[in-house]
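In: Compute the structure for the input listed below.
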Amino acid sequence: MNCRSDVASFITFASLSTCFAFPGVAVAAASPASAGLAANSFPERSVRLIVPFPPGGVNDIVSRLIANQLNTLWSRPVIIDNRGGANGNIGADIAAKSNPDGYTLFIVSSSITSNVALYPKLPFDLKRDFAPISTLVTGAYALVVNPSLPASTVQDLIRLAKAQPRKLDFSSFGEGSSAHLVAELFKRTAGIEMIHVPYKGGGPAMTAVMTGEVHMTFANLSVALPQIRAGKLRALAVSSLRRKESLANVPSLDEAGLKGFDATAWVGLLAPVKVQRPLIAKLNRDVRTVLADAELRRQVEARGLETLPGTPEGLARHMNAEIDRWGKVIRDAGVKAEG
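Out: Sure thing, here's the model as predicted:
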């Protein structure tokens, strides 16, 4: 294999012994035996889980469910540390610079991967400063409209938007947020123009649709479900390639005529890059153990999400693909970060 010290993309853990895309993971100073012993005894004290968003959102909810299960498995506290701000960049920077002993872990999501294109001068490098552990959950966005809007299907909405260019608007929880980018992808795929109205948070963005202040939004299905079931929002489609069990009567955008449309929310787990490889392997095994727990899966599914256990290399590939995909959407739409 042709390896370079400045590898610019994620690589699989199988090649870590010969290539340094994750510098500290492959070339740790400790011997394999001592590193393995340290992994076997982990954790010996509480573990900090940095969530780079405020409490109450999907990332926070998932983190607390996982933390609760790890508490039981490890018999050690897993402490949630919410470090919101700058679209997740503040928490990511803290995690990247934390002690690489495995006692600080980091929640990553699609919002963080889009930041690579949104913020050209980040104080951390998402590809080089973190070691992937596992994906955790995945979920869809729901395309929801105010019930008074004369559109009962996706095609109704597209016809309405084409008949009234730039008259319809959509909310999001900030410039460059996942809700914004999924809507931009929808606009380009459907060939329509709409106005973006950013709000400071997913709650206000969804409330704006319910009150009629804006016409539509792409909301995390897990958050929007209660309002859809209460009739306060009308769901026209989900953004995943296939329908979701929790909203079985609502088609996917692919089914609704936008062939191949597939944009999902996801949450994963990272560690600082210099965490020893045996410990990364143990963390992956433990995360997969808790994701297999029936009660955890029930709680995740009740929120319109699905568990998604994975490998470190699988998460690396997925993150790399997300960075490329949303980077293109950001460039094509001319999206600029707030501030």
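In: Please export the C-alpha coordinates of the helix or strand hosting Thr135 as PDB.
Out: Following DSSP states H and E, one finds Thr135 within strand 130-145. This file holds the C-alpha atoms of strand 130-145, laid out as PDB (Å, rounded to 0.1, in the frame of the first residue of the first chain):
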ATOM      1  CA  PHE A 130     -10.200  11.600  16.400                       C
ATOM      2  CA  ALA A 131     -10.400   7.800  16.500                       C
ATOM      3  CA  PRO A 132     -13.800   6.400  15.400                       C
ATOM      4  CA  ILE A 133     -15.400   3.800  17.800                       C
ATOM      5  CA  SER A 134     -18.800   3.000  16.400                       C
ATOM      6  CA  THR A 135     -22.000   4.300  15.000                       C
ATOM      7  CA  LEU A 136     -24.800   4.400  17.500                       C
ATOM      8  CA  VAL A 137     -28.200   5.200  16.000                       C
ATOM      9  CA  THR A 138     -29.700   6.400  12.800                       C
ATOM     10  CA  GLY A 139     -33.000   8.200  12.000                       C
ATOM     11  CA  ALA A 140     -34.800  10.100   9.300                       C
ATOM     12  CA  TYR A 141     -35.900  13.700   8.900                       C
ATOM     13  CA  ALA A 142     -39.600  14.300   8.400                       C
ATOM     14  CA  LEU A 143     -40.700  16.800   5.800                       C
ATOM     15  CA  VAL A 144     -43.500  18.500   7.700                       C
ATOM     16  CA  VAL A 145     -45.800  21.400   6.700                       C
END
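In: which stretches of this structure have low pLDDT?
Out: For the chain, the stretches with pLDDT under 70 are 1-37, 339.
In: Ramachandran angles for the most centrally placed residue in it?
Out: Central residue of the chain (Cα atoms, centre = their mean): Ser109, 2.3 Å from the mean position. Main-chain torsions, Ser109, degrees, to the nearest 10: phi -150, psi 180.
In: I'd assumed Val267 was in contact with it.
Out: Yes - contact status for Ser109 versus Val267: in contact at 5.1 Å, counting by Cβ atoms under 8 Å. (Glycine included, C-beta is placed from N, CA and C.)
In: any shared contact partners between those two?
Out: Counting by Cβ atoms under 8 Å, 6 or more residues apart in numbering, the common neighbours of Ser109 and Val267 are Val58, Asn59.
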